[in-house]
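S.K.: Just the structure for this:
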Amino acid sequence: MSLSQRREKLIARLRVPRTRGREGAVLVEGVRAVSEALDAGVDVSFVAVSPRLGASQAGAALGERLGTHEVVEVANAELESLSDTEAAQGVVLVCSEPGAGLEALVPGGRYLVLDGVQDPGNAGTLVRAAVAFGLDAVVCLDGTVDPWTPKSVRASAGMVFRLPVVRAPAAEALARLRETSVPLYVADTKGQDVDALPHLESFALAVGNEGQGVRSLLADAAAGKLAVRMPGGAESLNVAMAGAILLHAMIREGSRD
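M.R.: Sure, this is the predicted structure:
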């Protein structure tokens with residue numbers, strides 16, 4: 001069996017950020033990411049699988065789960081041509097893009113704000129960190145990479161499906177944070193040591209472009225600027241690494257559960 005030409009063209013469009021957003025759909029690749037998407041209850045359009053999926057125990061288990069969805073079996077070579085990865089694991093899934101608006105930001109929440117983060121790998125890793133540290137949503141401001149591109153989804157290990165991901169203009173997101181009384185902090189290499197920050201029940205942490213940092217609109221409105229202490233003398237950290245360290249420090253006194 002083979003995918004129809006229409007579906008092949010759709011998958012090709014979903015690989016390209018410029019055209020993916022127009023489709024309102026997401027391309028999910030790999031056993032773990034597809035499993036996460038299914039766990040989140042995404043609206044599945046179709047799944048393409050190849051014999052390689054059964055090569056691992058986890059893949060075989062996933063294959064059994066897929067029985068309730070429309071599955072198209074293809075050859076390994078065809079699936080590799082559809083995949084955005086160099087080592088395809090035998091499964092690609094197409095689903096509707098989960099929608100989330102600024103109403104997902106509520107009083108008492110903890111949020112990560114991505115401002116001008118342009119590398120999809122960094123964006124996905126930051127989403128994964130937000131999930132790991134129990135945050136309530138991620139906000140992607142204008143100028144930030146599309147969090148639903150295949151590379152971003154893979155970098156998040158599929159965890160992008162576990163929490164609301166909001167895309168909004170900076171001014172509107174800032175207004176919502178003010179409306180909900182959630183204090184905004186921004187990552188800044190010249191800010192105060194995050195370890196000196198008192199425990200916060202609610203916050204929004206904004207991380208920005210590695211070259212320029214967060215935009216002045218956010219910096220001027222921030223309750224504080226936070227930095228990672230680096231006694232080893234490194235000049236800076238990768239934005240994903242710095243963001244994860246900051247989040248860990250900001251929730252260090254325990255969860256709200």
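
S.K.: what's the average pLDDT for stretch 111-129?
M.R.: The pLDDT scores in stretch 111-129 average 97.

S.K.: Poorly predicted segments of the stretch 151-257 of the chain, please.
M.R.: Counting by pLDDT under 70, the stretch 151-257 of the chain contains low-confidence residues at 253-257.

S.K.: which residues in it form strands?
M.R.: For the stretch 151-257 of the chain, applying DSSP state E, counting those that start in this stretch gives strands covering 165-168, 184-193, 203-208, 224-227.

S.K.: buried sites along the longest one?
M.R.: Of the residues in strand 184-193, those buried by neighbour count under the rule 16 or more other C-beta atoms under 10 Å are 184, 185, 186, 187, 188, 191. (Each C-beta comes from the backbone N, C-alpha and C, glycine too.)

S.K.: The closest residue in space to residue 33 that isn't next to it in sequence: how many residues sit nearby?
M.R.: In space, and not counting its chain neighbours, residue 33 is closest to residue 158: 3.3 Å by C-beta to C-beta, 6 or more residues apart in numbering. Other residues lying near residue 158 total 26 when counted by other C-beta atoms under 10 Å.

S.K.: and if you look at residue 75?
M.R.: Residues lying near residue 75 (other C-beta under 10 Å) number 13.

S.K.: thought it was touching residue 50?
M.R.: Yes - between residue 75 and residue 50 there is a contact under C-beta atoms under 8 Å: 6.1 Å.

S.K.: and of the strands of the stretch 151-257 of the chain, who's closest to residue 249?
M.R.: Residue 249 sits nearest to strand 224-227 of all the strands of the stretch 151-257 of the chain, at 8.2 Å, using C-beta to C-beta.

S.K.: tell me which residues in the closest one are buried?
M.R.: Of all the residues in strand 224-227, those buried under the rule 16+ other C-beta under 10 Å are 225, 226, 227.

S.K.: Kindly reformat these as TSV containing distance to residue 138.
M.R.: Below are the buried residues of strand 224-227 laid out as TSV (distance: C-beta to C-beta, whole Å):
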residue	distance to residue 138
225	20
226	18
227	21
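
S.K.: Looking at the residues you listed, spot the one nearest residue 148.
M.R.: Using C-beta to C-beta, residue 226 comes nearest to residue 148 of the buried residues of strand 224-227, at 28.0 Å.

S.K.: I figured that closest one hits residue 189, correct?
M.R.: No - checked against C-beta under 8 Å, the pair residue 226 and residue 189 is beyond contact range at 9.9 Å.

S.K.: where does the stretch 1-150 of the chain dip in pLDDT?
M.R.: Along the stretch 1-150 of the chain, the model assigns pLDDT under 70 to residues 1.

S.K.: What segments of the stretch 1-150 of the chain are helices?
M.R.: Remark: helices assigned in the stretch 1-150 of the chain by DSSP state H, counting those that start in this stretch are 5-14, 17-23, 31-39, 57-65, 76-82, 120-132, 150-155.

S.K.: I'd like to know which of those lies nearest to residue 112.
M.R.: Nearest of the helices of the stretch 1-150 of the chain to residue 112, taken as C-beta to C-beta: helix 120-132 at 4.4 Å.

S.K.: so the closest one versus strand 203-208, what angle?
M.R.: Taking axes from the mean of the first three to the mean of the last three C-alpha atoms, to 10 degrees, one finds helix 120-132 and strand 203-208 inclined to each other by 170 degrees.

S.K.: Report the distance from helix 120-132 to the chain centre.
M.R.: Here helix 120-132 is found 5 Å from its chain centre; the criterion is C-alpha atoms, centre = their mean, to the nearest Å.
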